[in-house]
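Undergrad: Have a look at this prediction, sequence included:
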Amino acid sequence: MPERLYVASPSRLLAYVDCPRRYRLQYLDRPKPTPAPQRAHTSLGIAVHNTLRDWWDLPAQQWSASRAMELVRASWVATGFRDEAMSRRWLERSQRHVVDYLRGLSPANRPIGVERTVSLRTGSIIVQGRIDRLDDRPTSDGGRALVVVDYKTSRRTSTEQELRTSLPMALYAVAVGAMFRRSCVDVELHHVPSSTVVRHRHTTESLQRKVAEAESIAADLKRADADYAERGVESPHFPPRLSALCGWCDFRAHCAEGAAHAPEQSPWAALEPDTAPAPGQGRASPAD
């Protein structure tokens, strides 16, 4: 009988790599432990992502700065901010960022996918995820190129190295290539607050290495999940990975080691100028 394929999202794979204890709390424990309330930078990221998703549904004649600002306001929630004044200040700042970013877009170059779910099947895993934007752009040699685009809203801009080593972006590129039966090697991070773009072009070999990396993580996860099914929280596969990130963990209330290791960051700390950026800041939490 064929071995069952392991199904996961890139975020689930990376959750185990980042901290096995958090992975267990987030994906395995039932009833699921209650996570911390949504943080301010997550509220901001969701509002901006929703705006950039809805923008492409507008006819060209409705493209305007005022319409963009309305979309940001419509998606805005004050959850996680210190007070109403802080929420209002960041709403206005986010509106300016979005308007500036959208000036670089043209209704003539609409993406072929927005918030599109993609899936990749290999010999041992099925990886499913959702990409912010998928472009089909003309190239200088007269051809076309598929480009996977991810939006970022953190204070800090991303680097080419971060993009080059990103497991999710590589897996999305492979998934898109398989779905469209065309090569997809180009990935981009669009930092909305600064309107900057980081680009990377993978090779077939670099994408294959990332697929192998995902398969290796999934193999570890499969063993860990199976052991949890037998032994529950007594399984040794889920130790905490203690670091400064414990201060940001949504499940620190359920992890005594993590809570003792680092002080808790306030829900709005990632937006303070003297605070180190939160892990994954600017990206809405995955819905898996």
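TA: It's in. Numbering: from 1, shown residues only.
Undergrad: Stretch 101-111: end-to-end distance?
TA: Using C-alpha to C-alpha, to the nearest Å, the end-to-end distance of stretch 101-111 comes out at 16 Å.
Undergrad: which residues make contact with it from outside it?
TA: Outside stretch 101-111, the residues that touch it by C-beta atoms under 8 Å, 6 or more residues apart in numbering are 52, 55-56, 59-60, 63, 68, 133-137, 149, 190, 192, 195. Where you see a C-beta, it was placed from the backbone N, CA and C, and this is true even at glycine.
Undergrad: cutoff 7 Å now
TA: Trp55, Trp56, Ala60, Trp63, Ala68, Arg133, Leu134, Asp135, Val192, Ser195 (C-beta atoms under 7 Å, 6 or more residues apart in numbering).
Undergrad: same deal with stretch 241-258?
TA: 18-22, 25-26, 33, 35-36, 240, 259, 261-265, 278-279.
Undergrad: Strands of this protein, start to end?
TA: According to DSSP state E, the chain carries its strands in the segments 6-8, 113-121, 125-138, 144-152, 186-191, 196-201.
Undergrad: Okay, buried residues for the last one please.
TA: Residues of strand 196-201 classed as buried by neighbour count (16 or more other C-beta atoms under 10 Å): Val198, His200.
Undergrad: got it, and the longest one?
TA: Buried positions in strand 125-138, judged by neighbour count with 16+ other C-beta under 10 Å: Ile125, Val127, Gln128, Gly129, Arg130, Ile131, Asp132, Arg133, Leu134, Asp135, Asp136.
Undergrad: what's the closest of these to Arg93?
TA: Asp132 (20.6 Å; C-beta to C-beta).
Undergrad: what's near enough to touch that closest one?
TA: His49, Glu115, Val149, Asp150, Tyr151 are the contacts of Asp132 under C-beta under 7 Å, 6+ apart.
Undergrad: top of the contacts of stretch 101-111 by neighbour count?
TA: Highest neighbour count within these: Ala68, with 24 neighbours (other C-beta atoms under 10 Å).
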